[in-house]
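**Student:** Pasting a predicted model and its sequence here:
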Amino acid sequence: MSTSCWRCTSTRAASRPTAAAGSRPVSRHADTPRHIVLELNAAGTDYLGRGDYDERSFGDSWQSLERIFAHACRKLTRRDLLDEWPDDSPRPSEMTLGRWLAHALEHGQIQRDGAGTKSKPYRYWIKEREKYFGLRGLELDLEDW
């Protein structure tokens, strides 16, 4: 039997009828989610699990990312993605965008190259758009030839 310890903190005023709670799990297991979303039920007597915060956050944002990638003519850096962010969607912070990109990369939704340095930043794209990039879009480095 495995044991996990959960420390909950309220993210809204306790007087509100739909108070939500965030939690920070402490566990020796790698699969334990870093944050989960709990919602207080209408009666105020129990919490309902609403899933992993990072998964939920990513799911809500993927449509915006996908829209940017679907029209890209080249591989995009984080800065490019933020510059192209649609006006009808709240723009994420660089840290949040980084988590979303790591999630999408881990799940095979996007590709990445680059070294993650200032001179060679990570660049992201979806495989389906590669045929539209051409040599300029691939940003081939002559040193690599």
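**Tutor:** Looks like it came in fine.
**Student:** Model confidence score at Asp46, please.
**Tutor:** Confidence at Asp46, expressed as pLDDT, is 84.
**Student:** How about Ala13?
**Tutor:** pLDDT at Ala13 comes out at 44.
**Student:** Likewise for Ala19?
**Tutor:** Reading off the model, Ala19 has pLDDT 49.
**Student:** per-domain residue ranges of this protein.
**Tutor:** 5-52, 55-138 (automatic domain parsing).
**Student:** avg pLDDT for the longest one?
**Tutor:** Confidence over domain 55-138, taken as the mean pLDDT, stands at 87.
**Student:** just the strands in this structure please.
**Tutor:** 5-10, 20-26, 36-40, 47-52, 111-113, 123-125 (DSSP state E).
**Student:** Tell me which strands the fifth one pairs with, and in which orientation.
**Tutor:** According to DSSP bridges, strand 111-113 forms sheet pairs with strand 123-125 (antiparallel).
**Student:** List of residues touching the partner strand?
**Tutor:** 69, 72, 74-78, 81, 101, 104-105, 110-114, 133, 139 (C-beta atoms under 8 Å, 6 or more residues apart in numbering). Placement of C-beta: from N, CA and C, glycine included.
**Student:** Put the buried members of the residues you listed into a PyMOL selection.
**Tutor:** In PyMOL, this line selects whichever of the contacts of strand 123-125 come out buried by 16 or more other C-beta atoms under 10 Å:
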select buried, resi 69+72+74+75+76+78+81+101+104+110+111
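**Student:** Quick check, Ala70 in contact with Arg129.
**Tutor:** Yes: here Ala70 reaches Arg129: they are 7.2 Å apart, a contact under C-beta atoms under 8 Å.
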